[in-house]
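S.K.: compute the structure for the input listed below.
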Amino acid sequence: MARYQVTLAYDGTRFYGFQRQTDRRTVQGAVEDALRELGWQEASILAAGRTDTGVHASGQVVAFDLKWSHGADALQKALNACLPDDVSALDVRVAHASFHPRYDARSRTYRYRLFCAPVRHPLRERYAWRVWPPVQISLLQAAADYLPGQHDFAAFGRSPVDGGSTTRRIFEAVWNEEEPYLVFTLRGDAFLYRMVRRTVSLLVRIGQGNLPPETVQRRLSHPREPIQGLAPAHGLTFIHVEYSSGEGET
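M.R.: Residues are numbered from 1 along each chain as shown. Predicted coordinates:
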């Protein structure tokens, strides 16, 4: 029996989020169904985070214990053969027996993509939010500059645990132009439920000139006033989990 660390990518369009639900298609359910075909008998896999319905991932990390005697490369091939087409195991490796993808994580990175256009574009809108009127990237970045540091983000989301802390530390909040998209990268120690999508929703209103950039600072100073608005899930991708050098690997 060994513990395996797996990096997953998935298209969240046809999933009701990551976490297993009764009678609904979820990423966790798909992965656990695939593992059972390989002889896995545990109750639940471990994960670095839970993504909402419609949110994508290119760097979700899960872990599980499995009796497997054919090596990590063979496990990756076998797992991908059993997974549906919209989920893939990008990397499989043996981890330390105590490795936990959530509690051992040093940071998590999300990326949100949007583009500005008055008319829908079917080939872009599966993975990006179409915004109109257009936004100014200078205003987006001016607002995002208030986010790094340790703050109470209660106005931006809620704790995944009832009564849990809403204080989080943001390491990076950067907008970049990647024509035709504007891409927001947000890296932090952890995130509240729907925190990234509420943040993007607020920043877009600022970028359109409807609110001043200082609104972010005011929201951080008055965390009990919830932010209204939620950016669409399909523009968001969970892209990376950082661990200490060598952590998880054997």
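S.K.: and the residue lying closest to L83 once chain neighbours are set aside, which of the three is it?
M.R.: Leaving aside its sequence neighbours, L83 sits nearest to A34 (Cβ to Cβ, 6 or more residues apart in numbering; 4.7 Å). Yep, even glycine has a C-beta here, placed from its N, CA and C like the rest. Following DSSP: H, G, I helix; E, B strand; the rest coil, we place A34 in the helix state.
S.K.: for A34, what are its contacts?
M.R.: A34 makes contacts with L79, C82, L83, as judged by Cβ atoms under 8 Å, 6 or more residues apart in numbering.
S.K.: reformat those as a markdown table; add neighbour count, pLDDT and secondary structure.
M.R.: Putting these into a markdown table (neighbours: other Cβ atoms under 10 Å; pLDDT from 0 to 100; DSSP: H, G, I helix; E, B strand; the rest coil) gives the following:
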| residue | neighbour count | pLDDT | secondary structure |
| --- | --- | --- | --- |
| L79 | 24 | 98 | helix |
| C82 | 17 | 98 | helix |
| L83 | 20 | 98 | coil |
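S.K.: if we can go back for a sec, next one: the residue nearest to L83 from R3, what distance?
M.R.: 17 Å (Cβ to Cβ, to the nearest Å).
S.K.: equivalent analysis for N80, please.
M.R.: Using Cβ to Cβ, N80 is found at 19 Å from R3.
S.K.: swap in D189?
M.R.: Taking Cβ to Cβ, one finds D189 at 23 Å from R3.
S.K.: contact partners for V87?
M.R.: L8, A9, Y10, D11, V27, A30, V31.
S.K.: and of those, the nearest to V135?
M.R.: D11 (25.8 Å; Cβ to Cβ).
S.K.: residues near the closest residue to that closest one other than its chain neighbours, how many?
M.R.: Leaving aside its sequence neighbours, D11 sits nearest to D86 (Cβ to Cβ, 6+ apart; 4.3 Å). Per other Cβ atoms under 10 Å, the neighbour tally for D86 reads 16.
S.K.: before we move on, what about G209?
M.R.: G209 is flanked by 12 other residues according to other Cβ under 10 Å.
S.K.: do F115 as well
M.R.: 21.
S.K.: residues touching the residue nearest to D11, list them.
M.R.: So D86 contacts Y10, D11, T13, R14, F15 (Cβ under 8 Å, 6+ apart).
S.K.: do that again at 10 Å, thanks
M.R.: Residues in contact with D86 (Cβ atoms under 10 Å, 6 or more residues apart in numbering) are A9, Y10, D11, G12, T13, R14, F15, R25, V27, A30, H56.
S.K.: tell me how far it lies from Q141.
M.R.: 33 Å.
S.K.: and the strands in the chain?
M.R.: All strands of the chain, identified by DSSP state E, fall at 2-10, 46-47, 56-66, 87-95, 105-116, 129-131, 149-152, 167-178, 181-188, 236-243.
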